[in-house]
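A.B. asks: I'll drop the sequence and a predicted model, then ask my questions.
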Amino acid sequence: MCGYRLLLGSILFVFSIASDTFNEEVVLRPFQDGKVGAHFEFTVQTPADAILDRAAGEFAQHYDLFPKSLGQILYKFSVHELHLSLTQGHWHHNMWGYDSYPSPTGVQMWAWFLPDVSDSETKWRGLTSTLSGLFCASLNSIDETITAVPKFSFHTDGVSPSHTNRSSCLRYASLTREAVCTENLTPWSKLLPCGSKAGMATLLNALKLYDTSYHSLGIHVTLKCTHHQACKPSELIMELKHVLTVVFDPLRHGQPKRNWSLKSLFGRTVKSLCPLSDNSTLYIDIPPEDEVEFSPMPDRRVRHGLTELAEYELNARGERDATLAFNVAMKWKDVFSYPKTPHPSPVVAHSYVSGYGQESGSLHIEITNTAEGSPVNAAVLQLIPWYFRVYISTLSVELNGKPVTIARQLNYVPAKDHLRPHTLELLVDIPSESTLHVIVTFQKAFLKWTEHPPDAHHGFYIPSAAISFTVNSPAVYPRSSSSFQRVYTEPQLVTLATPDFSMPYNVICFVCTIIAIAFGAIHNLTTKQYVVESRDKPSKLSRLRQWLKRLISRKRTEPQASGSEQ
């Protein structure tokens, strides 16, 4: 009987392993400014009912390749979809095109909760605090003061029933001050089925990754359907994508050509495959001029839209060569020169702050549609912290320098002190070859000295604006199958009126000096005993007595000295 149970358990285990899939993919792309972008995608798919089946209970969950630590968090807080990114640097979409998973500087996080959740705020606070410990990041700093509920800019990326796509189930937050380092990369890579010990993840060398112009890592959890038609609950799969994007600069060391290899970029080569991976593929974007040489030659060339890619299948190479040490090099035939007229992306967005003094200022969002003959419908989202007093009456929209009323819909939620930020959302139409300006004026609040951060003189950040739109363009990052794009503007650093934090230090030093001086004098007065010393001169009689004593003692010593000589 025990043998049958063991056999049945083994069959169930093998079947459950076969139900999970794991694919790893790397895309390398040279940019027009000489830099090289590397995009990693590690995808794990598992049946959704194995994790989110709330009727079976938490103890009935089964985990194979999907990380259990993350799955339990999704189950506990009733998360339908989760997106988290930690970014250092700014993605220059006007030079590098559009990223597959765009993210602003710092931390960005948004989550969709299940429709049966009654208290989304409590679930949101618990989710941010738990993920803060999982990824060693300051996500617990995300509270209601920087959390918003957008209506137009964000939609579910996976299966989105009508009752789940309500904005009340969505929470969004951005933490611009957060820095990204190796203590975030380590727990992120540990969630992979093979960690960073095998497969494409062996290229994740922290010394090289954090010596780049741009670095972003994230996780994206969505519900997918096994086919394009309507799915039953048992046919849903949960997809987890580990995404890492870095931008290298081969020309930084002064070499005339932008030649590179995996060894020069990452300091490593792929020495072993992940045995749990179903597919390990490397793609390289081939420039339109085709002025490059590959070593070794790719297995094949594939066409993805208007982009041609060189494809390397590492699984097939690993089967042919037991000692895999894969390294690919890309050599350019000519010397690099910066383009005089770079090819911009169809939609380019920037933001800046104008004004002077410590009283007020203006926030400008500039969106340019460079495409010919194709207008763009865009959703603009801007969060502004509560300590910037924004008045909606100062909102103005300009098209090519002329005031217009071009906003189709407006969603504005005013801030409450210490409770929530300003949420400004616009649906705008941008004609071709036009520039749209969104301008809003704010006043700077005077904070209490206890409300300032430790580095108060550094300033306060206004998060990046998010511009969402649909575009058909060859500038889209390779392997991106969606025409929906989102770009982020630069975050703005604004200084507020800052108290003189050096004054307490000066007061402490001054008071301590006075106390030290006063204490020494008081201590001497209260502890020392004063004795009067007699200064009277001796009388003549006393001097005569002392002279006679000295004379008698001298006479007594002379006979003794003479006797000793004899």
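C.D. replies: Received the coordinates, thanks.
A.B. asks: Check the contact between residue 200 and residue 26; I expect there is one.
C.D. replies: Yes: using C-beta atoms under 8 Å, residue 200 is in contact with residue 26, at 5.4 Å. In short, each C-beta sits where N, CA and C put it, glycine included.
A.B. asks: can you list residues touching both of the two?
C.D. replies: 40, 282 (C-beta atoms under 8 Å, 6 or more residues apart in numbering).
A.B. asks: now the residue most central in space within the chain, nearest residue through space, not along the chain?
C.D. replies: In the chain, the centroid-proximal residue (C-alpha atoms, centre = their mean) is residue 86; its distance is 2.3 Å. In space, and not counting its chain neighbours, residue 86 is closest to residue 180: 4.6 Å by C-beta to C-beta, 6 or more residues apart in numbering.
A.B. asks: Let's see the pLDDT reported for the one you found.
C.D. replies: If you check residue 180, the pLDDT there is 88.
A.B. asks: Distance of residue 528 relative to residue 522?
C.D. replies: Separation of residue 528 from residue 522 (C-beta to C-beta, to the nearest Å) stands at 11 Å.
A.B. asks: For the two, work out which one has more neighbours and name it.
C.D. replies: residue 522 (10 against 7; other C-beta atoms under 10 Å).
A.B. asks: can you count the residues close to residue 520?
C.D. replies: 10.
A.B. asks: Let me fix that, I meant to ask about residue 149.
C.D. replies: For residue 149, the number of neighbouring residues by other C-beta under 10 Å comes to 17.
A.B. asks: give me every residue that touches the residue nearest to the centre of the chain.
C.D. replies: 106-107, 135, 137, 178, 180, 184, 216-218.
A.B. asks: Tell me where the stretch 251-400 of the chain has helices.
C.D. replies: For the stretch 251-400 of the chain, the helices defined by DSSP state H, counting those that start in this stretch occupy 262-266, 314-320.
A.B. asks: let me fix that: the stretch 451-566 of the chain
C.D. replies: 502-527, 540-565.
A.B. asks: what about residue 279, distance to residue 22?
C.D. replies: As judged by C-beta to C-beta, residue 279 and residue 22 stand 9 Å apart.
A.B. asks: same question, residue 439
C.D. replies: For residue 439, the distance to residue 22 - C-beta to C-beta - is 48 Å.
A.B. asks: same thing with residue 235?
C.D. replies: Here the distance between residue 235 and residue 22 works out to 20 Å (C-beta to C-beta).
A.B. asks: Look at those two and report which has more neighbours.
C.D. replies: Per other C-beta under 10 Å, whichever of residue 235 and residue 22 has more neighbours is residue 22, with 23 against 16.
A.B. asks: Which secondary structure elements does the one helix or strand the more buried one maps to sit against?
C.D. replies: Counting by DSSP states H and E, the element that carries residue 22 is strand 21-30. Where contact means 3 or more C-beta pairs under 8 Å, 6 or more residues apart in numbering; DSSP states H and E, strand 21-30 is packed against strand 36-47, strand 279-285.
A.B. asks: now those strands in a markdown table, with distance to residue 153, mean pLDDT and mean neighbour count?
C.D. replies: A markdown table is the format used below for the helices and strands packed on strand 21-30 (distance: least, C-beta to C-beta, whole Å; pLDDT from 0 to 100; neighbours: other C-beta atoms under 10 Å):
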| stretch | distance to residue 153 | mean pLDDT | mean neighbour count |
| --- | --- | --- | --- |
| strand 36-47 | 23 | 93 | 21 |
| strand 279-285 | 29 | 92 | 21 |
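A.B. asks: what's the closest of those to residue 429?
C.D. replies: Smallest distance to residue 429 across those (C-beta to C-beta): 31.3 Å, for strand 36-47.
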